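> Here is a sequence with its predicted model. Questions after.
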Amino acid sequence: MTDPTPRPVLVTGGNRGIGLAIARDLREAGHPVVVGCRSGEAPDGLDAVTLDVTDAESVDAAFTEAEKIVGAPMGGLVANAGITRDQLLLRMTDEDVDTVLDTNLVGAIRCARRATRSLMRAKGGRIVLVSSVVALYGSPGQVNYAASKAGLVGVARSLTRELGARRITVNVVAPGYIDTAMTEELPEDLKATYRGLIPAGRFGAPEEVAAAVRFLVSDAAAYVSGAVIPVDGGLGMGH
């Protein structure tokens with residue numbers, strides 16, 4: 001079913017995996033969708049713009065171009081772009097830390113800051129930050145990644161207090177282990193170990209994350225803000 005209020009939405013990192021599933025699902029719900037990615041290449045007929053979340057000028061240009069494409073201010077942002085540089089902390093370099101934080105956390109802040117201008121012009125809208133179960137559950141070898149994803153919770157809750165009166169909601173979706181190209185590369189014994197930790201007994205599908213994002217973008221979620229929605233099969237138990 002399509003949502004009653006179509007909102008132009010920019011999905012960062014929307015050219016593959018979870019981001020692509022989100023972009024497709026929002027389009028099916030009736031929202032004009034523009035994908036932001038480094039390559040600027042549009043997947044599966046979606047509109048796309050070149051976007052480097054580590055560069056404020058690129059972020060501004062991407063929003064400007066996306067709004068030209070849809071012919072209106074963006075009414076939503078899904079900040080999904082992210083990277084990993086996994087390593088035990090004793091072996092983790094400053095570059096490993098800085099690169100992950102600048103992309104996953106500061107990049108999302110840059111996008112949210114630019115999106116806020118558009119959402120105010122649109123007189124309301126939605127920001128959804130894609131975090132991870134690792135943010136609050138923890139994971140060895142992912143200190144930098146966990147820190148970047150945990151920081152998104154503080155961003156969402158601070159922005160909720162800043163923007164709530166302007167009919168703008170800001171929420172976090174925290175996926176667990178999802179079937180993507182990244183998890184497909186894991187050794188089978190490690191996959192089995194991870195599945196054993198998940199109460200649902202399986203990895204999730206990208207479409208299941210997309211469904212949570214679709215709800216948060218919809219009119220039905222107008223009174224939901226500052227929330228962290230886990231999509232992890234019970235792994236994190238809401239932590």
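Thanks, I have it.
> C-alpha only now, for contacts and for neighbours.
OK.
> mind listing what's buried in stretch 54-64?
Buried residues in stretch 54-64, defined by neighbour count with 16 or more other Cα atoms under 10 Å: Thr54, Ala56, Ser58, Val59, Asp60, Ala61, Ala62, Phe63, Thr64.
> same thing with stretch 231-239?
By neighbour count on 16+ other Cα under 10 Å, the buried set for stretch 231-239 is Val231, Asp232, Gly233, Leu235, Gly236.
> Closest one to Asp189 out of the residues you listed, please.
Using Cα to Cα, Leu235 comes nearest to Asp189 of the buried residues of stretch 231-239, at 18.2 Å.
> what sits against that closest one?
Contacts for Leu235 (Cα atoms under 8 Å, 6 or more residues apart in numbering) come out as Val133, Gly176, Leu197, Ile198, Pro199.
> Just the buried subset of these, please.
By 16+ other Cα under 10 Å, the contacts of Leu235 give Val133, Gly176, Ile198 as buried.
> Can you give me the neighbour number for Pro140?
Other residues near Pro140 come to 11 when the count uses other Cα atoms under 10 Å.
> For the closest residue to it other than its chain neighbours, give its distance to Val170.
The shortest distance from Pro140 to any residue other than its chain neighbours is 6.8 Å, reached at Leu88 (Cα to Cα, 6 or more residues apart in numbering). Distance, Leu88 to Val170, using Cα to Cα, to the nearest Å: 32 Å.
> so where do the helices sit in this structure?
17-28, 56-70, 94-100, 107-121, 134-137, 143-163, 181-184, 188-197, 206-217 (DSSP state H).
> Need these in a markdown table (columns: mean pLDDT and distance to Ser225).
Formatted as a markdown table, the helices of the chain follow (pLDDT from 0 to 100; distance: least, Cα to Cα, whole Å):
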| stretch | mean pLDDT | distance to Ser225 |
| --- | --- | --- |
| helix 17-28 | 96 | 19 |
| helix 56-70 | 98 | 23 |
| helix 94-100 | 98 | 26 |
| helix 107-121 | 98 | 15 |
| helix 134-137 | 94 | 19 |
| helix 143-163 | 98 | 6 |
| helix 181-184 | 78 | 30 |
| helix 188-197 | 89 | 29 |
| helix 206-217 | 98 | 9 |
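> Could you dump the ones you listed into TSV with distance to Thr2 added?
Shown next, in TSV, are those (distance: least, Cα to Cα, whole Å):
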stretch	distance to Thr2
helix 17-28	7
helix 56-70	18
helix 94-100	36
helix 107-121	21
helix 134-137	32
helix 143-163	26
helix 181-184	29
helix 188-197	34
helix 206-217	10
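> Out of those helices, which gets nearest to Leu10?
helix 56-70 (7.4 Å).
> Not counting its own residues, what contacts the closest one?
Counting by Cα under 8 Å, 6+ apart, 8, 10, 32, 34, 36, 47-53, 73-74, 110-111, 114-115 sit against helix 56-70.
> Check this protein for its longest strand and report it.
Criterion DSSP state E: the longest strand present in the chain is strand 168-175.
> what's the angle between it and helix 107-121?
Put simply, strand 168-175 runs at 150 degrees to helix 107-121, going by axes from the mean of the first three to the mean of the last three Cα atoms, to 10 degrees.
> tell me which residues in strand 168-175 are buried?
Ile168, Thr169, Val170, Asn171, Val172, Val173, Ala174, Pro175.
> now swap in stretch 17-30 and tell me
Buried, per 16+ other Cα under 10 Å, within stretch 17-30: 17-27, 29-30.
> how far out from the middle of the chain is it?
Centroid separation for stretch 17-30 versus its chain: 12 Å, with Cα atoms, centre = their mean, to the nearest Å.
> how about the CA coordinates for it, as CSV?
Output of stretch 17-30 as CSV, limited to C-alpha atoms (Å, rounded to 0.1, in the frame of the first residue of the first chain):
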residue,chain,number,x,y,z
GLY,A,17,22.5,-4.0,0.2
ILE,A,18,20.3,-2.6,2.9
GLY,A,19,20.3,0.9,1.4
LEU,A,20,19.0,-0.4,-2.0
ALA,A,21,16.3,-2.4,-0.3
ILE,A,22,15.2,0.8,1.6
ALA,A,23,15.2,2.8,-1.6
ARG,A,24,13.1,0.3,-3.5
ASP,A,25,10.7,-0.1,-0.6
LEU,A,26,10.1,3.6,-0.2
ARG,A,27,9.6,3.9,-3.9
GLU,A,28,7.0,1.2,-3.8
ALA,A,29,5.3,3.0,-1.0
GLY,A,30,4.9,6.0,-3.3
